[in-house]
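[1] Give me a 3D structure for the following:
(one chain, ligands or ions: 2)
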Amino acid sequence: MTFDVQGVAIDIDGTITYKDRSLNCRAVEAIRKLKVPVVLATGNISCYARTTAKLIGASDIVICENGGVVRFEYDGEDIVLGDIAKCLKAVEILGNHFDIEILDSEYRKSEVCLRRNFGLEEGKKILKEAGLEGVKLIDSGFAYHITDANVGKGKALKYICDELGIPVEKFVAIGDSENDIDLIEIAGIGVAVANADIKLKERADIVVSRKNGDGVVEAFEFLNLI
Ligand SMILES: O=C(O)COP(=O)(O)O
Ligand SMILES: [Mg+2]
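    Ligands and ions are numbered 1, 2, ... in the order given. Reported below is the predicted structural model:
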């Protein structure tokens, strides 16, 4: 397949990592062969995304906290796009119903991350019934995230593309979970790896046959990027 690809946005957990979050080294080698910028797009925090990008040889431009934070330079500043106040209100409500566990709160600037120890659908229902609007409760497959509804990995990619002067349709995006839906939708070509959530596969342009990082390599080969 030939397509004028000018950038690749890739999710981290479940896409270039396995279920235990260890890296697939074949995906890393393939990323290093790419001739276009690679933007990591994760639900994780800025320092984690930046370090991962540096170690694997991706660009310094990262999307973190599910699009609530973007960063252009390793030594630059985090740009906060999401409103954490709304998310904290949602956490308070959920805390009245479940024994919630907040993860890495000292580092999060735009959203709240929770352990996956309660029913997601039940949580969504509670927030809806409480009339709390403007936040979304999403499952990355690794953690739950309460994120400002105005942000997303896809919107963050558009923000980055506008800054760089690259049309977002020239990006290929690859992911595995619900938190990658708007990312693969906004990119010109959206790819779901074989282990991806069904909701993501339904919206993908391409569903590769291999899982995790091997699926990333398969997508690069299919798109003639390596
Ligand atoms: O932080 C998480 O929950 C996992 O994030 P990712 O799959 O978006 O990289
Ligand atoms: Mg993921």
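[2] how about the strand or helix carrying Ile10: buried residues?
    Element membership of Ile10 [criterion: DSSP states H and E] is strand 7-11. Neighbour counts over strand 7-11 (16 or more other CB atoms under 10 Å) mark Gly7, Val8, Ala9, Ile10, Asp11 as buried. Glycine gets a C-beta too; all of them are placed from N, C-alpha and C.
[3] Over to stretch 212-226?
    In stretch 212-226, counting by 16+ other CB under 10 Å, buried: Asn212, Gly213, Asp214, Gly215, Val216, Val217, Glu218, Ala219, Phe220, Leu223, Leu225.
[4] Any residues of this structure in contact with ligand 2? List them.
    Contact residues, the chain versus ligand 2 (CB under 5 Å from the ion): Asp11, Asp13, Gly14, Asp176, Ser177.
[5] The buried residues of strand 7-11 into TSV, with extra columns for pLDDT?
    Converted to TSV, the buried residues of strand 7-11 look like this (pLDDT from 0 to 100):
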residue	pLDDT
Gly7	98
Val8	98
Ala9	98
Ile10	98
Asp11	98
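[6] which of those residues lies closest to ligand 2?
    Ligand 2 lies nearest to Asp11 out of the buried residues of strand 7-11, by CB to the ion, at 4.2 Å.
[7] so that closest one makes contact with Asp182?
    No - look at Asp11 against Asp182 with CB atoms under 8 Å: they stay out of range, at 11.9 Å.
[8] how many neighbours does Asp197 have?
    Neighbours of Asp197 under the rule other CB atoms under 10 Å: 19.
[9] just the strands in the chain please.
    7-11, 38-41, 62-64, 69-71, 79-80, 102-103, 111-114, 135-139, 144-148, 171-175, 189-192, 206-207 (DSSP state E).
[10] mind listing what Ile174 touches?
    Residues near Ile174 by CB atoms under 8 Å, 6 or more residues apart in numbering: 8-11, 15, 184, 190-193, 215-216, 219.
[11] Next one: the nearest residue to it once chain neighbours are set aside relative to Ala53, how far apart?
    Of all residues not flanking Ile174 in the chain, Val191 sits nearest, at 4.3 Å (CB to CB, 6 or more residues apart in numbering). Distance, Val191 to Ala53, by CB to CB, to the nearest Å: 19 Å.
[12] nearest to Asp78, of the buried residues of stretch 212-226?
    Val216 (26.0 Å; CB to CB).
[13] I figured the closest one was touching Lys33, is that so?
    No - contact status for Val216 versus Lys33: not in contact, 11.7 Å apart, counting by CB under 8 Å.
[14] Could you pull up the residues touching Lys158?
    With CB under 8 Å, 6+ apart, Lys158 has these contacts: Val168, Ile186.
[15] Would you map out the domains in the protein?
    7-80+151-223, 84-148 (the TED database).
[16] could you list every residue that touches the residue nearest to the spatial centre of the chain?
    Closest to where the C-alpha atoms of the chain average out (CA atoms, centre = their mean) is Thr42, at 3.4 Å. Going by CB under 8 Å, 6+ apart, Thr42 touches Asp11, Ile12, Asp13, Tyr48, Ala49, Thr52, Val62, Ile63, Cys64, Asn66.
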